[in-house]
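**Student:** Provided below are the primary sequence and the corresponding predicted coordinates.
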Amino acid sequence: MSTTLAGIRVKGHISAEFGKILSPDALAFLAELHRLFEPRRRELMAARLARQVLLDQGVKPDFLPTTAHIRHGEWKISTLPEDLQDRRVEITGPVERKMMINALNSGAKSFMADFEDSNTPTWENQIEGQINVYDAYRRTISYTSPEGKEYALNKEIATLLTRPRGWHLMEKHVEVDGEIMSGSLFDFGLVVFHNLQYRLSLGSSCYFYLPKMESHLEARLWNDVFTWAEAELKAPHGCIKGTVLIETILAAFEMDEILYELREHSAGLNAGRWDYIFSCIKKFRSNDDFCLADRGKITMTVPFMRAYSLLLLKTCHQRGAPAMGGMSAYIPVKTDPEANERAMAQVRADKERDAGDGYDGGWVAHPGLVPIAKAAWDSVLGLYPNQIHKQRLDVQVMASDLLDFQPEAPITEVGVRGNISVGVQYLASWLAGMGCVPIHNLMEDAATAEISRSQIWQWIRSHKGVLDDGRKVTRELFEQLLAEEVAKIEQQGRYSATLKEAARMFEQITTSDDFVEFLTLPGYHRLA
Ligand SMILES: CC(=O)SCCNC(=O)CCNC(=O)[C@H](O)C(C)(C)COP(=O)(O)OP(=O)(O)OC[C@H]1O[C@@H](n2cnc3c(N)ncnc32)[C@H](O)[C@@H]1OP(=O)(O)O
Ligand SMILES: O=CC(=O)O
Ligand SMILES: [Mg+2]
């Protein structure tokens with residue numbers, strides 16, 4: 001069943017259960033959000049394209065002269081609510097029912113339920129995710145697995161945050177006045193409409209992660225959306241909080257400004273490393289001098305990543321805001337104890353570096369990693385819930401440090417093959433409705449897969465895209481390795497239903513002269 005109501009048309013099916021989320025009042029709220037904010041969202045998306053034209057012409061990003069007064073001014077974000085003071089371990093995962101229960105029970109202080117990087121935005125995933133969030137907030141969420149295992153919440157659970165889709169994504173199943181609705185406004189709108197008053201009655205609120213922004217004007221739009229929603233739902237101004245992912249190179253130049261725009265609604269910043277690397281490749285793809293080595297070589301300690309990470313930390317603490325670390329892609333390896341030990345050592349080193357630098361907490365991909373991250377922060381926090389008091393005035397980061405893109409080598413055949421294998425397998429999984437998967441013992445999601453496919457696109461086109469054995473990365477070489485890698489995946493019998501479609505899509509976006517802005521955009525057209 002679908003429905004049309006006062007200008008809003010829902011094209012996705014509405015079962016009795018879905019109908020509770022897509023109630024007439026909720027739809028009216030969504031329609032209002034769309035009418036008020038969609039024109040600005042579109043302007044901001046057009047501004048992204050205009051900025052890309054300048055980048056393509058070689059205009060380098062820099063800190064904005066027009067907002068120097070914000071960077072040099074004395075101000076802080078509003079006081080954080082009690083349940084966001086201590087976020088030493090934050091687990092993340094898709095809005096799938098069993099995983100949400102496991103994450104809430106994991107021993108992490110907070111849990112980000114993800115409608116974005118780790119989630120395929122099928123209609124079912126989005127609405128079932130909303131049902132799961134609704135039930136999790138009310139502690140009524142439970143689940144019985146096909147094997148009969150029962151899942152329910154512990155007494156002590158993590159504080160729930162949700163991540164709506166980024167500003168570039170749409171919800172094609174909902175139209176308002178004949179226009180497709182923004183995925184961000186749809187996800188956010190349903191969460192606050194159903195849960196804000198309820199959370200306030202318990203002394204808490206609705207908390208969000210805000211992804212993939214490219215400027216403080218995009219943060220201003222979120223701030224205005226929060227302010228409007230609070231007024232409309234008769235909630236106190238400032239009760240909704242958002243943590244912004246700094247995961248684009250352009251946002252790295254506007255961290256202060258982003259915190260400032262959201263200062264009454266801010267819960268800090270997070271170093272979203274995977275999309276950040278992707279964004280660097282995407283934004284400088286046409287720059288002759290830009291080239292990055294194999295994906296595995298782009299770690300948090302290479303110059304441009306280190307500069308970004310320290311600038312985020314310094315900026316947050318100066319403004320009284322939490323600085324949240326991002327995610328290591330290493331996950332437990334069940335089948336190989338030695339590989340498992342190596343993976344755990346990687347996660348430990350990652351968390352110890354962030355905790356030692358002064359970060360207030362960090363993300364983990366899996367419940368098995370919670371004790372490792374917890375130990376790293378327990379050892380630096382003492383009796384404090386966070387380290388916001390720790391000022392990093394010693395950190396001096398210039399524009400040139402953020403743009404110091406090293407290392408450029410090596411680029412290897414193994415690296416090209418790895419990118420192809422990951423990209424194709426991830427797309428096959430995504431098209432089958434699973435937005436996060438282990439591949440070659442690493443967590444792969446939309447952000448990590450974006451790096452894989454954009455690296456090959458760029459290596460083919462850059463004069464620096466040369467393998468360590470002297471061969472140029474060319475379209476022909478890519479086609480040959482693609483065929484070989486797809487044959488390997490086929491032999492393993494994985495993703496049989498979607499593999500061909502994924503391989504076709506991977507080939508198209510890699511060989512297309514126009515750079516595809518996000519692989520989830522053509523992907524979304526292909527989703528049923
Ligand atoms: C770039 C970014 O945006 S990072 C943020 C987005 N990415 C994420 O959030 C990563 C989330 N992580 C995951 O989805 C998973 O950990 C994966 C896909 C990487 C690995 O999943 P699996 O192979 O199923 O892991 P595994 O088999 O070891 O899981 C063991 C148990 O832990 C659970 N589990 C694993 N990861 C999570 C998680 N993140 N949250 C909750 N539960 C989890 C599994 O559901 C399973 O539960 P069960 O024993 O009750 O059946
Ligand atoms: O969302 C997080 C990232 O690393 O990307
Ligand atoms: Mg991301």
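**Tutor:** Sure, I can see it. Ligands and ions are numbered 1, 2, ... in the order given.

**Student:** Next, the residue in the stretch 1-150 of the chain positioned nearest to ligand 2: secondary structure please.
**Tutor:** Proximity of the stretch 1-150 of the chain to ligand 2 (C-beta to the nearest ligand atom) peaks at Asp117, 4.9 Å away. Placement of C-beta: from N, CA and C, glycine included. State at Asp117, reduced to three classes by DSSP: H, G, I helix; E, B strand; the rest coil: coil.

**Student:** these two touch, right, it and Glu450?
**Tutor:** No. Between Asp117 and Glu450 no contact is recorded; they are 9.1 Å apart, counting by C-beta atoms under 8 Å.

**Student:** any common contacting residues for the two?
**Tutor:** Shared contacts of Asp117 and Glu450, defined by C-beta atoms under 8 Å, 6 or more residues apart in numbering, comprise Trp274, Asp275.

**Student:** where exactly do the strands run in the stretch 201-350 of the chain?
**Tutor:** 207-210, 241-246, 266-271, 323-327 (DSSP state E, counting those that start in this stretch).

**Student:** Any chance of those strands in TSV with distance to ligand 1 as columns?
**Tutor:** Output for those, formatted as TSV (distance: least, C-beta to the nearest ligand atom, whole Å):
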stretch	distance to ligand 1
strand 207-210	9
strand 241-246	8
strand 266-271	10
strand 323-327	4
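
**Student:** residues in contact with Ile240?
**Tutor:** By C-beta under 8 Å, 6+ apart, Ile240 lies in contact with Val192, Leu196, Ser205, Cys206, Tyr207, Phe208, Phe226, Ala229, Glu230, His265.

**Student:** quick one: Asp401 and Ser309 touch, right?
**Tutor:** No. Using C-beta under 8 Å, Asp401 is not in contact with Ser309; the gap is 11.1 Å.

**Student:** quick revisit: most neighbours among the contacts of Ile240, please name it.
**Tutor:** Comparing those by number of neighbours (other C-beta atoms under 10 Å), Cys206 comes first, having 28 neighbours.

**Student:** So which elements touch the helix or strand where Leu160 lies?
**Tutor:** If you go by DSSP states H and E, Leu160 is part of strand 159-163. Here strand 159-163 touches strand 110-114, helix 123-137, strand 207-210, going by 3 or more C-beta pairs under 8 Å, 6 or more residues apart in numbering; DSSP states H and E.

**Student:** model confidence over that strand, on average?
**Tutor:** Here strand 159-163 scores 98 as its mean pLDDT.

**Student:** Neighbour count: Asp401 and Ser309, which is higher?
**Tutor:** Neighbour comparison, Asp401 and Ser309: the larger count goes to Ser309, with 26 against 15 (by other C-beta under 10 Å).

**Student:** List the contacts of the more buried one.
**Tutor:** Contacts for Ser309 (C-beta under 8 Å, 6+ apart) come out as Ala271, Arg273, Met300, Asp354, Asp357.

**Student:** And those residues, which of them are buried?
**Tutor:** By neighbour count, with 16 or more other C-beta atoms under 10 Å, the contacts of Ser309 hold Ala271, Arg273, Met300, Asp354, Asp357 as buried.

**Student:** Which of those residues fall within helices?
**Tutor:** When DSSP state H defines the helices, the subset of the buried ones among the contacts of Ser309 inside them is Arg273, Asp354, Asp357.

**Student:** Just put the contacts of Ile240 in a markdown table and tack on pLDDT.
**Tutor:** Listed next are those as a markdown table, based on pLDDT from 0 to 100:
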| residue | pLDDT |
| --- | --- |
| Val192 | 98 |
| Leu196 | 98 |
| Ser205 | 98 |
| Cys206 | 98 |
| Tyr207 | 99 |
| Phe208 | 99 |
| Phe226 | 99 |
| Ala229 | 99 |
| Glu230 | 98 |
| His265 | 99 |
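
**Student:** hmm, back to that, just give me the closest of the buried ones among the contacts of Ser309 to ligand 1.
**Tutor:** Among those, Arg273 lies closest to ligand 1 (C-beta to the nearest ligand atom), at 7.5 Å.

**Student:** Return the residues in contact with that closest one.
**Tutor:** Contact analysis of Arg273 by C-beta under 8 Å, 6+ apart lists Glu247, Met300, Met305, Ser309, Gly326, Met327.

**Student:** Spit out the contact partners of the first one.
**Tutor:** This means Glu247. Listed by C-beta under 8 Å, 6+ apart, the contact partners of Glu247 are Pro211, Lys212, Asn270, Ala271, Gly272, Arg273, Trp274, Asp275, Tyr276, Ser279, Ala447.

**Student:** And the residue of the stretch 51-200 of the chain found nearest ligand 3, how close does it get to Phe226?
**Tutor:** At 4.5 Å from ligand 3, Asp117 is the closest residue in the stretch 51-200 of the chain, using C-beta to the ion. Computed with C-beta to C-beta, to the nearest Å, the distance linking Asp117 and Phe226 is 22 Å.

**Student:** what do you get for Glu257?
**Tutor:** For Glu257, the distance to Phe226 - C-beta to C-beta - is 17 Å.

**Student:** Mind giving me the packing neighbours of the strand or helix carrying Ile70?
**Tutor:** In this structure, Ile70 is located in helix 68-72 according to DSSP H and E. With contacts defined as 3+ C-beta pairs under 8 Å, 6+ apart, the packing partners of helix 68-72 are helix 255-261.

**Student:** Can you name every helix or strand that the helix it packs on contacts?
**Tutor:** With contacts taken as 3+ C-beta pairs under 8 Å, 6+ apart, helix 255-261 sits against helix 68-72, helix 216-232, strand 241-246, strand 266-271, helix 303-318.

**Student:** Packed most tightly, which of the ones you listed would that be?
**Tutor:** Ranked by mean neighbour count, these are led by strand 266-271 with a mean of 28 (mean count of other C-beta atoms under 10 Å).

**Student:** Give me the distance from that one to the chain's centre.
**Tutor:** Centroid separation for strand 266-271 versus its chain: 12 Å, with C-alpha atoms, centre = their mean, to the nearest Å.

**Student:** One more: stretch 442-452?
**Tutor:** Between the centre of stretch 442-452 and the centre of its chain there are 11 Å (C-alpha atoms, centre = their mean).

**Student:** Contacts (any at all) between ligand 2 and it?
**Tutor:** Yes. Stretch 442-452 reaches ligand 2 (C-beta under 6 Å from any ligand atom) through Ala447.

**Student:** buried set for that stretch?
**Tutor:** Buried residues in stretch 442-452 (16+ other C-beta under 10 Å): Leu442, Met443, Glu444, Asp445, Ala446, Ala447, Thr448, Ala449, Glu450, Ile451, Ser452.

**Student:** if I pick the fourth one, what's in contact with it?
**Tutor:** Same thing as Asp445. For Asp445, the contacting residues are Asp117, Ser118, Trp274, Tyr426, Gly435, Cys436, by C-beta under 8 Å, 6+ apart.

**Student:** which element is the nearest residue to the fourth one once chain neighbours are set aside on?
**Tutor:** In space, and not counting its chain neighbours, Tyr426 is closest to Ala449: 3.9 Å by C-beta to C-beta, 6 or more residues apart in numbering. Using DSSP H and E, Ala449 falls within helix 446-461.

**Student:** Please name every helix or strand in contact with that helix.
**Tutor:** Packing contacts for helix 446-461, counted by 3+ C-beta pairs under 8 Å, 6+ apart, involve helix 273-283, helix 413-431, helix 475-491, helix 499-511.

**Student:** Show me what from the stretch 51-200 of the chain comes close to ligand 2.
**Tutor:** Residues of the stretch 51-200 of the chain lying near ligand 2 (C-beta under 6 Å from any ligand atom): Asp117.

**Student:** longest helix in this structure, by residue count?
**Tutor:** Using DSSP H to define each element, the chain has its longest helix at helix 24-56.

**Student:** Which other helices and strands does it contact?
**Tutor:** Under the contact criterion of 3+ C-beta pairs under 8 Å, 6+ apart, helix 24-56 touches strand 3-5, strand 8-10, strand 170-176, strand 179-182, helix 183-201, helix 216-232.

**Student:** That'll do, ta.
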